[in-house]
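Novice: Here is a sequence with its predicted model. Questions after.
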Amino acid sequence: MDNVTKNELYAKMMERLIQHFRSRNDVQNIDIMNLAGFCRNCLSKWYIEAAKDKNIQVDLDEAKEMIYGMPYKEWKDKYQK
C-alpha cells in the first residue's frame, strides 16, 4: 500500500473515531482514560502536535472544538458529570 492511500485510510479512521466520541457524550473522559489510556483531550493535544509538524498554529481551544464538535466549555456544561 502506498503512503497516500495509507494516510487517506488513517484520516477516514480518525474521522470515524472522532464522530464516535462525539456521539457517545454519555461516556466520560475519565472512563475512556481508565480503559484506553487516552481520551478526547489527548486527541486534541495530538491534533496540535500534528499541526505543528506542518507549521500550522492551532491552540488548545480550537483543537478541543474540533474533537468535541462544540466549544469545550459548552460540552462540559452539557455532558460532564
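Specialist: Nice, I can see it. Numbers count the residues shown, from 1 in each chain.
Novice: Can you give the distance from stretch 36-51 to the centre of its chain?
Specialist: Counting by CA atoms, centre = their mean, to the nearest Å, stretch 36-51 is centred 6 Å from the centre of its parent chain.
Novice: Just the residues contacting that stretch, thanks.
Specialist: Under the contact criterion CB atoms under 8 Å, 6 or more residues apart in numbering, stretch 36-51 has outside partners 17-18, 21, 29-30, 32-33, 57-60, 63-64, 66-68. Glycine gets a C-beta too; all of them are placed from N, C-alpha and C.
Novice: change it to 10 Å
Specialist: In this structure, residues lying in contact with stretch 36-51 by CB atoms under 10 Å, 6 or more residues apart in numbering are 14, 17-18, 21-22, 25, 27-33, 56-68, 72, 75.
Novice: Let's see which of these end up in helices.
Specialist: Applying DSSP state H to those, the entries found in helices are 14, 17-18, 21-22, 29-33, 60-68, 72, 75.
Novice: and those residues, which are buried?
Specialist: Neighbour-count burial within the ones in helices among the contacts of stretch 36-51 applies to 18, 21, 29, 32, 63-65, 67-68, 72, 75; the criterion is 16 or more other CB atoms under 10 Å.
Novice: Mind telling me the two of those farthest from one another?
Specialist: Based on CB to CB, the longest span within these runs between 32 and 65 and measures 18.3 Å.
Novice: gap between residue 27 and residue 52?
Specialist: 28 Å (CB to CB, to the nearest Å).
Novice: Look up how far residue 50 lies from residue 6.
Specialist: 15 Å.
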